[in-house]
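Participant: Requesting a structural model of the entry that follows:
(chains A and B)
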Amino acid sequence: MSDFYLFNTLTRTKEKFEPLEPPRVRMYCCGPTVYDYAHIGNYRTFVFSDLLRRSLLLHGFKVLEVMNITDVDDRTIDGAAKKGLELSAYTGPYIEAFFEDLRQLRIRQAEHYPRATEHIAEIIALVRRLEERGIAYRSGDSVYYRIGGFKNYGRLSRLDSSGIQAGARVEADNYDKENVRDFVLWKGGRDESVAWDSPWGRGRPGWHVECSAMSMKYLGETFDLHCGGVDLTFPHHENEIAQSEGATGKPLARFWVHAEHLLVDGQKMSKSLGNFYTFRDLKQQGHSASAIRYLLLGTHYRSQLNFTTEALHAAASAVGRLRDFHERLKICSPPPGAREEPALWCAQAFREALEDDLSISQALSALFDFVREVNRLIDLRTLSAESRARALEELRLCDSVLDVLEPDREEDEEFVRGVEALIEERNQARRSRDFGRADNIRAELDTRGVVLEDSPQGTRWKRKG
RNA sequence: GGCGGCGUACCCAAGUGGCUAAGGGAGAGGUCUGCAAAACCUUUAUUCGGCGGUUCGAUUCCGCCCGCCGCCUCCA
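Facilitator: Numbering: from 1, shown residues only, chains lettered A, B, ... in the order given. The predicted model follows:
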């Protein structure tokens, strides 16, 4: 079997990836904070983790994936307070919306989606463990992590203390801490409605600690890989390492993999610039989920991805090309006696590209070379039945990662009957050489968003765009 | 101030110390078609931000400059 390589943020090099207990890969991905609808920048990261997951599967690994749902933090608490809702009543709809977006974007489900609010006991246990080791200390009503007690602090992000201090924004409550760089594990004494009992009084968990507690619960003290957006490298992942390794004395994850940011029209997405989009916004503008998926998938994960309307249209066209090819391959009738084409493969090159640090451009290049070649053979009518079957299998393998071939929506029966009735009427007109009538029907269907394709095998139709 | 990334055709985007600088989109011409669509063929970078250097040879390595972007305590 070939090897699988990934760029490891810990070493800043591309390394051979091997799980601790092959073939099972245990991975943890930082998920959403459910204070609002997730935006396309978030989905860039989640599509990346989906690509990683599917590439691991294509390679032959088994995957156990955990993605956390952060349902308690300042933003969710503020949001709930503003609307006068209980925290869970506020976050619930956003959690549902998140899963619906994942479904439409065809991001495969992780095995577990633990929520912070459902793991308070585990979080408290972890903080106690850190206390016992002398790494956590109490100050006021809160508990903090003592950076000085963990010698590897800064190893992942490669930020030294001077760098951190030079650019530091000063936190409002830093006077509670022994050192500005210390971070909070348990926030107490805020007299908020959102609080749990703990050995330190009522309070709530700090941001980073949930991931340490939950990854440990579902994946063990050491697992294979941890991924998320680049901005999480510091402080979130650095702090996760400090918490987990501080408590266990064992490495947290062997590989850290980070997805670069998405830009919109060349700039960081922000509400003030007016270039802030949720997945729902884009759907509303008429863009298909598969085009969005393809666009998010198509740029290497360690490069910034510039999201533009033009690129979205290009992605839609590329998906259309693959789908047209798939349909054409399914219906083409191989002539008897055609020779098997030995050169007809692409899945291996596709897979090998992905095994090389998810080189998606190379993978797509191999796929499209294949599409052109097979189309050519179909045109020449030299594609054998065996080659056709193999080509379909090759395409299926590639699509097990891309997942863009299936149509985005279920057609409702009434619409389909209407379209098919008009197609039949048009074909009668064509048989009687009434081309004016035939063209009128084509135009009518066009206004309904339907494009026709006449072929020796009959008339096919598809949705425009 | 510290750390890091990027700049390849009209757009997106791979890649390599020298063999025709992938692939997708868009445009142009052609084949096919009643018309279309799809598909195929041809075509669009003697050139890889600029200037130097190393080298027989650099887009690829080194230096400087210009431009863009990110991180440096709660942002994917």
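
Participant: rest of the way, CA atoms for contacts and neighbours
Facilitator: Noted.

Participant: Show me how the record splits chain A into domains.
Facilitator: A:19-259, A:279-402, A:413-463 (automatic domain parsing).

Participant: Please identify which of these is closest to RNA strand B.
Facilitator: Nearest to RNA strand B, of all the domains of chain A, is domain A:19-259, at 2.1 Å by Cα to the nearest atom of the strand.

Participant: Report the distance from that closest one to the chain centre.
Facilitator: Using Cα atoms, centre = their mean, to the nearest Å, the mean C-alpha position of domain A:19-259 is found 17 Å from that of the whole chain.

Participant: ok, which stretches of the stretch 101-250 of chain A are strands?
Facilitator: Here the stretch 101-250 of chain A has its strands, by DSSP state E, counting those that start in this stretch, at A:136-139, A:142-145, A:183-188, A:203-205, A:223-229.

Participant: Name the surrounding residues that touch stretch A:10-19.
Facilitator: Taking contacts as Cα atoms under 8 Å, 6 or more residues apart in numbering, the residues outside stretch A:10-19 that touch it are A:3-8, A:25-26, A:155-157, A:224, A:255-256, A:357.

Participant: and if you look at stretch A:432-440?
Facilitator: Surrounding stretch A:432-440, the residues in contact under the criterion Cα under 8 Å, 6+ apart are A:426, A:427, A:429, A:430.

Participant: just stretch A:113-131 next, same as before
Facilitator: Contacts of stretch A:113-131 (Cα under 8 Å, 6+ apart): A:66-72, A:136-137, A:185-186, A:196, A:198, A:205, A:209-210, A:213-214, A:217, A:243, A:246-247.

Participant: Try it again at 7 Å.
Facilitator: With Cα atoms under 7 Å, 6 or more residues apart in numbering as the test, stretch A:113-131 has contacts from A:66-72, A:136-137, A:185, A:198, A:209-210, A:213-214, A:246-247.

Participant: Stretch A:83-94 now?
Facilitator: For stretch A:83-94, the surrounding residues in contact (Cα under 7 Å, 6+ apart) are A:34, A:35, A:36, A:37, A:71, A:77, A:80.

Participant: Pull the most distant pair out of the residues you listed.
Facilitator: Distances among the contacts of stretch A:83-94 were taken as Cα to Cα; the most separated pair is A:37 and A:77, at 15.4 Å.

Participant: Rounded mean pLDDT for whichever helix or strand residue A:82 is part of, please.
Facilitator: Mapping residue A:82 onto the secondary structure by DSSP states H and E places it in helix A:74-83. Confidence over helix A:74-83 (mean pLDDT, whole number) is 93.

Participant: buried stuff in it?
Facilitator: By neighbour count with 16 or more other Cα atoms under 10 Å, helix A:74-83 contains the buried residues A:76, A:77, A:79, A:80.

Participant: Could you list the low-pLDDT ranges of chain A?
Facilitator: Using pLDDT under 70 as the threshold, the predicted model of chain A has low-confidence ranges A:1, A:161-175, A:190-191, A:342, A:465.

Participant: switch to 80 and redo it
Facilitator: Applying pLDDT under 80 to the predicted model, the residue ranges of chain A that meet it are A:1, A:160-176, A:189-192, A:270-274, A:337-344, A:410, A:465.

Participant: Identify, by residue count, the longest helix of it.
Facilitator: Counting residues, the longest helix in chain A under DSSP state H turns out to be helix A:309-331.

Participant: Neighbours of the nearest residue to residue A:213 once chain neighbours are set aside, how many?
Facilitator: Among residues not flanking residue A:213 along the chain, residue A:123 sits closest, at 5.3 Å (Cα to Cα, 6 or more residues apart in numbering). Counted with other Cα atoms under 10 Å, residues neighbouring residue A:123 total 24.

Participant: Could you do residue A:376 as well?
Facilitator: Here the count is done by other Cα under 10 Å, and residue A:376 has 13 residues near it.

Participant: about what we covered before: could you pick out the buried ones from the contacts of stretch A:113-131?
Facilitator: Neighbour-count burial (16+ other Cα under 10 Å) is assigned, among the contacts of stretch A:113-131, to A:66-72, A:136-137, A:185, A:209-210, A:213-214, A:246-247.

Participant: Out of those, which sit inside helices?
Facilitator: Counting by DSSP H, those place A:209, A:210, A:213, A:214, A:246, A:247 in helices.

Participant: For the stretch 101-250 of chain A, just list every one of the helices.
Facilitator: In chain order, the stretch 101-250 of chain A shows helices spanning A:120-132, A:161-167, A:209-219, A:238-248, with DSSP state H, counting those that start in this stretch as the criterion.

Participant: Just the CA trace of the first one, in CSV.
Facilitator: Listed next in CSV are the C-alpha coordinates belonging to helix A:120-132 (Å, rounded to 0.1, in the frame of the first residue of the first chain):
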residue,chain,number,x,y,z
ILE,A,120,-19.5,19.7,32.3
ALA,A,121,-18.6,16.8,34.6
GLU,A,122,-15.7,15.7,32.3
ILE,A,123,-14.5,19.3,32.2
ILE,A,124,-14.5,19.7,35.9
ALA,A,125,-12.7,16.4,36.3
LEU,A,126,-10.0,17.6,33.9
VAL,A,127,-9.6,20.9,35.7
ARG,A,128,-9.2,19.1,39.0
ARG,A,129,-6.6,16.9,37.6
LEU,A,130,-4.7,20.0,36.5
GLU,A,131,-5.1,21.4,40.0
GLU,A,132,-3.7,18.3,41.5
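
Participant: angle of that helix against helix A:209-219?
Facilitator: Between helix A:120-132 and helix A:209-219, the angle comes out at 110 degrees (axes from the mean of the first three to the mean of the last three Cα atoms, to 10 degrees).

Participant: In helix A:120-132, which residues are buried?
Facilitator: A:120, A:122, A:123, A:124, A:126, A:127, A:128, A:129, A:130, A:131.

Participant: Let me have the buried residues of helix A:74-83 in CSV, adding distance to residue A:454 as columns.
Facilitator: Conversion of the buried residues of helix A:74-83 to CSV gives the following (distance: Cα to Cα, whole Å):
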residue, distance to residue A:454
A:76, 54
A:77, 58
A:79, 55
A:80, 56
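
Participant: Make a markdown table out of the residues you listed and add distance to RNA strand B.
Facilitator: Compiled in a markdown table, the buried residues of helix A:74-83 are given as follows (distance: Cα to the nearest atom of the strand, whole Å):
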| residue | distance to RNA strand B |
| --- | --- |
| A:76 | 10 |
| A:77 | 12 |
| A:79 | 12 |
| A:80 | 15 |
